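A.B. asks: Sharing a model prediction with you, sequence too.
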Amino acid sequence: MTQDELAAATGIDSANIRAIESGRSSLSIQTLVRLAIALDVKPGELIDHLTVDDFADVAERRRTARRERS
């Protein structure tokens with residue numbers, strides 16, 4: 001399934017799908033469930049591999065992006 005197809009299936013903007021997939025954006029539980037339904041998987045399967053370090057990386061990328069825009 002392409003990102004555009006996933007966006008259409010979930011009602012989530014394709015730019016948001018790309019941001020989530022690339023790690024530039026975090027997602028809510030509601031979005032996680034919508035993605036899981038569209039992909040026909042359990043929500044837990046989408047987050048099984050995540051660790052606390054993954055979230056620290058997202059926060060650091062956000063800080064870096066803000067500094068670069070300033």
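C.D. replies: Looks like it came in fine.

A.B. asks: So what touches the helix or strand of the chain with the lowest mean pLDDT?
C.D. replies: Taking mean pLDDT, DSSP states H and E as the measure, the chain has helix 52-69 as its least confident helix or strand, at a mean of 77. The contact list for helix 52-69 (CB atoms under 8 Å, 6 or more residues apart in numbering) reads Gly23, Arg24, Ser25, Ser26. In this view, the C-beta of every residue, glycine as well, is placed from N, C-alpha and C.

A.B. asks: and Glu68, how far is that from Thr10?
C.D. replies: Remark: distance between Glu68 and Thr10 (CB to CB, to the nearest Å) = 30 Å.

A.B. asks: Compare the two and say which is more crowded by neighbours.
C.D. replies: More neighbours surround Thr10 than the other of Glu68 and Thr10, with 19 against 7 (other CB atoms under 10 Å).

A.B. asks: Got phi/psi on that one?
C.D. replies: phi -100, psi -20 (degrees, to the nearest 10).

A.B. asks: Tell me which residue lies nearest the centroid of the chain.
C.D. replies: Ile20 (2.3 Å; CA atoms, centre = their mean).

A.B. asks: Under the pLDDT cut-off, which ranges of this structure? List them.
C.D. replies: In the predicted model, the chain carries pLDDT under 70 at residues 55-59.

A.B. asks: if we can go back for a sec, next, report how far the least confident helix or strand of the chain is displaced from the centre of its chain.
C.D. replies: 14 Å (CA atoms, centre = their mean, to the nearest Å).

A.B. asks: ditto for stretch 20-38
C.D. replies: 4 Å.

A.B. asks: And stretch 19-35, by the same measure?
C.D. replies: 3 Å.

A.B. asks: How about stretch 54-70?
C.D. replies: 15 Å.
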